[in-house]
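Undergrad: Have a look; sequence and predicted model below, questions after that.
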Amino acid sequence: MLMSFQENTAYYDLEPSLLNAFVGLGDILMRTKEHLAACSKNRRSHSVDSFLGFLIPSRVIQQLVRDEEQLSHQLTIILFSFSSSSFIREHLSAHVKIPDPLHFRTIRNEEVFDFWRDYLGVKVLFAQTDRFLEALKYRFGNRLTDAARRRLFMRLDEFNIGGVAASTLERFVGDESLEHAVQIFQTIATEKPLPKTPKNDKMLPLLIWVDDRPENNFEEVQFARKLGVCVLEFPSTALLKDWMEENEDFLRSNDSADNIRFISDTARFENDNQRVTQGNNPFLNITAGENIARYLRGHLYHAPLLIFCGSGIVYTDYVKAYEATGSTCWSVIVRQYIKALSQRRGDDKDWQGFKVGERK
């Protein structure tokens, strides 16, 4: 749809409201794509133990139904944006009657709607980063700290597209009040992780590894298992997120560096339908590693994350923006990270930072 606009950029610029409507659509499509990918890959996945019950069919159906509703709503918003665009008005022979934006209200939660109307405006279809953070500051003041605001934004802008759609905020709040949802988030965000006594659980210590090419990590995974570390491998962020949502209680109760750690590649080839093979048109997801970092910190997990990759290491400076996160291309660093987990340590920090192990 955007290709036709690109051909005419010399004659006009798209209005911000129209561009923002398309960006909001992109956010919903990314989320829908993850749900479909997780559903598809789960049918063929055998790498994850069945000890905690992975996917519930009814839950997947509910997710896709919500995705369909949000896509329909966003398409309506795009049509409204087109109808109110000055370019459309100027180039159509017939007079276009511009409807009231309130007629396109898609927010059902009253508190979310009031917040969006009063602090962002009914004509704002997609709130960009600075504007949304400023709105949060005006609405909640000191009740929401700067750190909590940044984390909340990570949670809402999960794919780092540069802003928040109203539907995303409503999905975060759910059926609760906005005030209550933000208060709970602030409470959890400001809690300092307490030292946890290592538990005698057959799944602990646990290493969660995300990589579309698990065979590349065979030696490191065997190293971990010989040290008594339980390793779960996931081929995509979508599958990881579904598993984490299904097992949130287990993860929250063991959320510390001496119990659970994560390793991920930074970029990977993905495909909507199946494992990447020659000829099935995979695409390179260059933000895969940061997506996981953003998801973990946005959902207030403290467990460490190490990005392990090859030449893509030069693009991993994003780790500097996330606590307890590092990147390396050296197997020795990965093994030290794993060994500390096997020893149930939480005080090792040598692996944190950008391009760890590189000579200065």
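TA: Now that the structure is in, tell me what you want to look at.

Undergrad: tell me which element F185 falls in.
TA: For F185, the element it lies in under DSSP states H and E is helix 178-190.

Undergrad: can you dump the C-alpha coordinates of that helix into PDB?
TA: Output of helix 178-190 as PDB, limited to C-alpha atoms (Å, rounded to 0.1, in the frame of the first residue of the first chain):
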ATOM      1  CA  LEU A 178      -5.600   2.600  34.000                       C
ATOM      2  CA  GLU A 179      -4.800   3.900  37.500                       C
ATOM      3  CA  HIS A 180      -4.700   0.400  39.000                       C
ATOM      4  CA  ALA A 181      -2.600  -1.100  36.100                       C
ATOM      5  CA  VAL A 182       0.000   1.700  36.300                       C
ATOM      6  CA  GLN A 183       0.100   1.500  40.100                       C
ATOM      7  CA  ILE A 184       0.900  -2.300  40.000                       C
ATOM      8  CA  PHE A 185       3.500  -1.800  37.300                       C
ATOM      9  CA  GLN A 186       5.100   1.000  39.300                       C
ATOM     10  CA  THR A 187       5.200  -1.200  42.400                       C
ATOM     11  CA  ILE A 188       6.800  -4.100  40.600                       C
ATOM     12  CA  ALA A 189       9.200  -1.900  38.700                       C
ATOM     13  CA  THR A 190      10.600  -0.200  41.800                       C
END
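
Undergrad: Which parts of that helix count as buried, going by neighbours?
TA: Neighbour counts over helix 178-190 (16 or more other Cβ atoms under 10 Å) mark 178, 181-182, 185-186, 189 as buried. Heads up, the C-betas are built off the backbone N, CA and C, glycines and all.

Undergrad: Show me what the next helix-or-strand element following it is packed against.
TA: Downstream of helix 178-190, the next assigned helix or strand under DSSP H and E is strand 206-210. Here strand 206-210 touches strand 230-234, helix 237-246, strand 260-264, going by 3 or more Cβ pairs under 8 Å, 6 or more residues apart in numbering; DSSP states H and E.

Undergrad: Now do the last one against helix 237-246, angle only.
TA: Put plainly, it is strand 260-264. 170 degrees (axes from the mean of the first three to the mean of the last three Cα atoms, to 10 degrees).
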